[in-house]
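In: pasting a predicted model and its sequence here:
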Amino acid sequence: MTAAAQSPAGTAAGQSDAILEVSNLTRVFGGVRAVDDCSFRVRRGTITGLIGPNGAGKTTAFNLISGFLKPTSGTIVFDGERIDGLPPHVIARKGLVRTFQIPKPLGSMTVLENLVLVPMGQEGERVWNAWFRPGLVGQREREIIDRALAVLEYVDLIRLRDEYAANLSGGQKKLLELARTLMAEPKMILLDEPGAGVNRTLMRRLVGYIEELCYERGITMFIIEHDMDLVARLCNPVIVMSEGTHLCEGTPEEVRNNPQVLEAYLGGQYR
Ligand SMILES: Nc1ncnc2c1ncn2[C@@H]1O[C@H](COP(=O)(O)OP(=O)(O)OP(=O)(O)O)[C@@H](O)[C@H]1O
């Protein structure tokens, strides 16, 4: 019997290093094998990049991992537990959350309401009503509101806390999206193109947050990114997908110099 098989479920020696293990993952849309027998692992405490040409299956892989799509076949293990096929809110409660390339805050709610809703789910409205009737604010509700305010301080959106999310700039919406993920107290965040449509100043701030959240708070980061300078600066290792599957992985330097990667990009639509 192997050491892994002898250990209790979820604590096997081989699993402690990998927070995410994707095995033989496949998702078919009609005739398209968007993700095709794809396997990889993400090490705990890393900022891991996911790159590949357009249509390589990166977004579909993220949607499968975060529960927004169900796999056709294959398994996904997060922190020692099978999560494939579970709905997004259950996966988020286990500590795995994702952001979207186009952030999706609830526009008709304020910045603060957007954050309060994350841990409370359907109960968020109740917390909110209680906020206006201070005598009714319970211990848990108070804690959630205080945590939301602290997160807004952290991402420097505190002065916009009563603004409707719909009125925020694109960059501010990105920060709000990051703030919402932090409210879920994640162990791992999937970031979909944090660099897309972001100016240099905000990009520097986002890079700072990503590094600090990973290296100081221990949140594993898994990032889809097309901006190769940003990938080289932030990510190690980098996983390359092509045609729905895992092509290779390595340091940014290694993947950049890998002829298979060049071929995958030049054979597709080089960006
Ligand atoms: N809902 C869907 N229905 C049908 N086909 C889809 C669907 N979602 C994705 N696909 C197809 O699956 C393949 C992989 O798409 P996906 O968006 O995952 O790639 P990607 O690597 O994220 O691409 P990009 O870098 O351009 O965002 C593409 O051929 C795409 O057209």
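Out: Cool, the structure landed. As the structure is a prediction and not an experimental result, all values here were calculated from the model.
In: show me what stretch 255-266 is in contact with.
Out: 51-53, 56, 228, 232, 238, 240, 242-243, 247-250, 271 (C-beta atoms under 8 Å, 6 or more residues apart in numbering). In this view, the C-beta of every residue, glycine as well, is placed from N, C-alpha and C.
In: ok, which pair from those is furthest apart?
Out: Spatial extent of those (C-beta to C-beta) is set by the pair A232 and E243 at 23.5 Å.
In: is any part of stretch 185-203 close to the ligand?
Out: No - for stretch 185-203, no contact with the ligand is found by C-beta under 6 Å from any ligand atom; the gap never falls below 7.9 Å.
In: check which residues of that stretch are buried.
Out: Across stretch 185-203, burial judged by 16 or more other C-beta atoms under 10 Å covers 186-195, 198, 202-203.
In: any idea which helix or strand carries A61?
Out: Assigned by DSSP states H and E, A61 falls within helix 58-65.
In: please save the CA atoms from that helix in CSV.
Out: Taking C-alpha atoms only, helix 58-65 is exported to CSV below (Å, rounded to 0.1, in the frame of the first residue of the first chain):
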residue,chain,number,x,y,z
LYS,A,58,-8.9,27.9,-20.5
THR,A,59,-12.2,29.6,-19.6
THR,A,60,-14.1,26.3,-19.9
ALA,A,61,-11.6,24.7,-17.5
PHE,A,62,-12.2,27.6,-15.0
ASN,A,63,-15.9,27.2,-15.4
LEU,A,64,-15.7,23.5,-14.7
ILE,A,65,-13.4,23.9,-11.7
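In: the stretch 1-150 of the chain: strands as residue ranges?
Out: With strands called from DSSP state E, counting those that start in this stretch, the stretch 1-150 of the chain shows them at 18-29, 32-43, 47-51, 73-78, 81-82, 96-98.
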